[in-house]
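Visitor: quick one, what's the 3D model for this:
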Amino acid sequence: MTNSDNFYYIYAFYSCLKINKPLSYIQVVGKKAKNLKIIGTIIFTPEGINSTIASHNLNNLDNFIAFLEKDFGSISIKKSKSIKAPFKKLKIKTRDEIVPSGTDVRVDVSLNKYIEPENWNEFINDESVVTIDVRNNYEIGVGTFNKAVSPNTKNFREFDKYIKASKKLFTDKKLAIFCTGGIRCEKASALFHANGIDDVYQLEGGILNYFEKSSSTDNWTGDCFVFDDRVTVDKNLQTGSHTQCFACRRPLSSDDLLKLEYIEGISCHNCKNEKTEEDRQRFAERQKQNLLKKINDSY
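Guide: Residues are numbered from 1 along each chain as shown. The predicted model follows:
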């Protein structure tokens with residue numbers, strides 16, 4: 001990618017390593033990121049760091065990564081760009097797990113096995129391999145690999161229960177698992193190991209790395225959901241066609257916007273029956289204020 005102020009450059013990355021005092025990094029890292037005019041989300045945990053950041057200035061992103069690598073070692077990055085701002089501001093926070101699983105299982109990357117994006121198509125086309133999408137239902141609905149198994153989970157906290165309930169399906173099979181950028185597969189692999197299932201292989205760098213490096217993406221159908229304001233990206237890592245419901249944050253296709261349940265800023269077919277009347281009134285007031293702001297900003 002070449003440097004241009006017309007784009008937001010986006011770096012998605014993680015690093016699994018032991019961090020003794022995650023909270024101690026917030027102030028110093030936050031100061032550095034603000035000085036470099038970086039937006040996005042950075043999460044520190046005892047298991048490592050997980051982040052997606054963006055900037056108009058590509059050099060600023062590279063300088064920030066170099067700053068992090070002094071403490072966290074070499075960081076592998078998935079790069080993309082967008083005309084649209086992927087984030088509104090910078091958020092830095094801590095949590096107990098690098099991916100919340102609701103378990104005491106911790107990531108040990110020394111046990112994990114990886115398939116490079118260039119070899120992924122051949123691997124998942126083997127009849128002895130079961131391909132599992134470890135993402136959530138609403139992400140899988142946007143796009144996934146052909147013939148991939150869905151765990152039918154609303155969030156990753158349900159994934160350990162899926163493993164326990166599905167062990168018979170994995171007998172004498174190799175498992176190929178994948179997610180958006182690779183981080184959930186690190187945790188999913190740990191959960192499989194904890195349940196006595198070791199013949200597990202994960203797509204290195206996730207779907208985004210596959211889109212960037214695979215010579216053919218014919219095994220994939222649809223877009224890929226991303227956790228920023230682009231909502232989805234296509235196989236070329238360009239912003240996709242989906243929008244997002246501001247009530248439940250799920251992705252919406254152009255057909256979804258035509259459904260009777262969709263009211264901009266208030267509800268969609270996914271969450272119409274999930275929200276209370278009080279919720280809808282609050283969303284309606286928020287939508288009103290957003291529209292007023294747009295009108296004022298136009299003058």
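
Visitor: tell me the mean pLDDT for the top helix by length along the chain?
Guide: In the chain, assigned by DSSP state H, the helix with the most residues is helix 277-298. The average pLDDT within helix 277-298 is 84.

Visitor: please apply the same query to stretch 185-196.
Guide: According to the model, stretch 185-196 has a mean pLDDT of 97.

Visitor: rewinding a little: run the chain-centre distance for the longest helix of the chain.
Guide: 28 Å (C-alpha atoms, centre = their mean, to the nearest Å).

Visitor: give the buried residues for it.
Guide: 280, 283, 287 (16 or more other C-beta atoms under 10 Å). No exception for glycine: its C-beta is placed from N, CA and C like everyone else's.

Visitor: identify the spatial nearest neighbour of the first one, chain neighbours not counted.
Guide: What that stands for is residue 280. Among residues not flanking residue 280 along the chain, residue 266 sits closest, at 5.7 Å (C-beta to C-beta, 6 or more residues apart in numbering).

Visitor: what about that neighbour, neighbour count?
Guide: 22 (other C-beta atoms under 10 Å).

Visitor: swap in residue 110?
Guide: 6.

Visitor: tell me the pLDDT of it.
Guide: 93.

Visitor: ok but it is inside a helix, no?
Guide: Yes. Assigned with DSSP: H, G, I helix; E, B strand; the rest coil, residue 110 falls within a helix.

Visitor: what's the distance between it and residue 84?
Guide: 39 Å (C-beta to C-beta, to the nearest Å).

Visitor: what residue ranges in the stretch 151-299 of the chain score low on pLDDT?
Guide: The stretch 151-299 of the chain contains residues with pLDDT under 70 at 298-299.

Visitor: what ranges do the helices span in it?
Guide: 159-165, 183-194, 206-213, 277-298 (DSSP state H, counting those that start in this stretch).

Visitor: and what of the stretch 1-150 of the chain?
Guide: Going by DSSP H, counting those that start in this stretch, the stretch 1-150 of the chain shows helices at 26-35, 58-72, 117-124, 137-140.

Visitor: how about the ones you listed, which one is nearest residue 214?
Guide: Ranking these by proximity to residue 214 (C-beta to C-beta) places helix 117-124 first, at 4.8 Å.

Visitor: pLDDT (mean, whole number) over the closest one?
Guide: 98.

Visitor: and the angle from it to helix 206-213?
Guide: 120 degrees (axes from the mean of the first three to the mean of the last three C-alpha atoms, to 10 degrees).

Visitor: mind listing what's buried along helix 117-124?
Guide: 117, 120, 121, 124.

Visitor: leaving out the residues flanking it, which one is nearest to the third one?
Guide: Right, the one you point to is residue 121. Here the residue nearest residue 121, using C-beta to C-beta, 6+ apart, is residue 219, at 5.2 Å.

Visitor: next one: that neighbour from residue 208, what distance?
Guide: 15 Å.

Visitor: before we move on, what about residue 84?
Guide: Look at residue 84 and residue 208: by C-beta to C-beta, they are 17 Å apart.

Visitor: re the thing from before, neighbour count: residue 219 and residue 208, which is higher?
Guide: residue 208 (23 against 18).

Visitor: tell me the contacts of residue 53?
Guide: Counting by C-beta atoms under 8 Å, 6 or more residues apart in numbering, residue 53 makes contact with 10, 11, 33, 38, 39, 40, 41, 42, 61, 64.

Visitor: near the closest residue to residue 71 other than its chain neighbours, how many other residues are there?
Guide: Leaving aside its sequence neighbours, residue 71 sits nearest to residue 25 (C-beta to C-beta, 6+ apart; 7.7 Å). When neighbours are counted by other C-beta under 10 Å, residue 25 registers 18.

Visitor: and residue 263, by the same measure?
Guide: Residue 263 has 15 nearby residues by other C-beta under 10 Å.

Visitor: give the buried residues for stretch 242-249.
Guide: In stretch 242-249, the ones that count as buried by 16+ other C-beta under 10 Å are 242, 243, 244, 245, 247, 248.

Visitor: same check, this time on stretch 232-241
Guide: 232, 233, 234, 235, 237, 239, 240.

Visitor: quick revisit: any idea which of the contacts of residue 53 is closest to residue 92?
Guide: residue 42 (4.7 Å).

Visitor: pLDDT value on that closest one, please?
Guide: 98.

Visitor: also residue 58?
Guide: pLDDT, residue 58: 95.

Visitor: that one: neighbouring residues, count only.
Guide: 18.
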